[in-house]
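>>> Below: sequence and its predicted model.
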Amino acid sequence: MLKGRQVESESEWVFPTTTGPLRDPDNARADLRDAVKKTQWAGLHPHAFRHLVATMLDAAGLSAREIADYLGHERVSMTQDVYMTRKSRGSSAAAALANMQLSG
């Protein structure tokens, strides 16, 4: 449904007014509730929807900057701190340190 809206829309926003700018938040929340009421996302709050979108973009491999831009965040740190998971369990840091030559 959202992909279809994007193709048909002349606005950069998902739920613009008929004249193009952002909609009233209460109206956007009501439209989101209506759009998901018969889906697995029924009852999804708009902020939770933002988290879901950010999580999906993160899992798809987008950079923090790309996700921040998509969500409208000026600071990447906001996106990283609030919306992205920490992936510090990987082995890349250990491998990099193991390959370093330590001098005494």
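Right, received. Where do you want to start?

>>> distance of the residue most central in space within the chain from A96?
The chain has A54 as the residue nearest its centroid, 2.3 Å off, counting by C-alpha atoms, centre = their mean. Distance, A54 to A96, by C-beta to C-beta, to the nearest Å: 27 Å. Backbone N, C-alpha and C define where each C-beta goes, glycine included.

>>> quick revisit: quick check: which element contains the residue nearest to the centre of the chain?
Using DSSP states H and E, A54 sits within helix 46-59.

>>> list the helices and strands that helix packs on?
Judged by 3 or more C-beta pairs under 8 Å, 6 or more residues apart in numbering; DSSP states H and E, helix 46-59 is in contact with helix 25-36, helix 64-71, helix 76-83.

>>> Neighbours of D34, how many?
Per other C-beta atoms under 10 Å, the neighbour tally for D34 reads 9.

>>> for R23, same thing?
By other C-beta under 10 Å, the burial measure for R23, its neighbour count, is 16.

>>> In this structure it contacts T17, no?
Yes - the criterion here is C-beta atoms under 8 Å, and R23 meets it with T17 at 5.2 Å.

>>> which ones are touching the residue nearest to M84 when sequence neighbours are not counted?
Excluding its sequence neighbours, the residue lying closest to M84 (C-beta to C-beta, 6 or more residues apart in numbering) is D58, at 5.1 Å. By C-beta atoms under 8 Å, 6 or more residues apart in numbering, D58 lies in contact with 67, 83-85.

>>> Now do the domain split for this structure, please.
Following automatic domain parsing, one finds the domains of the chain at 1-42, 45-85.

>>> which one of these lies closest to S92?
Among the domains of the chain, the nearest to S92 by C-beta to C-beta is domain 45-85 (14.9 Å).

>>> Just want to check the distance between L32 and D81.
For L32 relative to D81 (C-beta to C-beta), the value is 24 Å.
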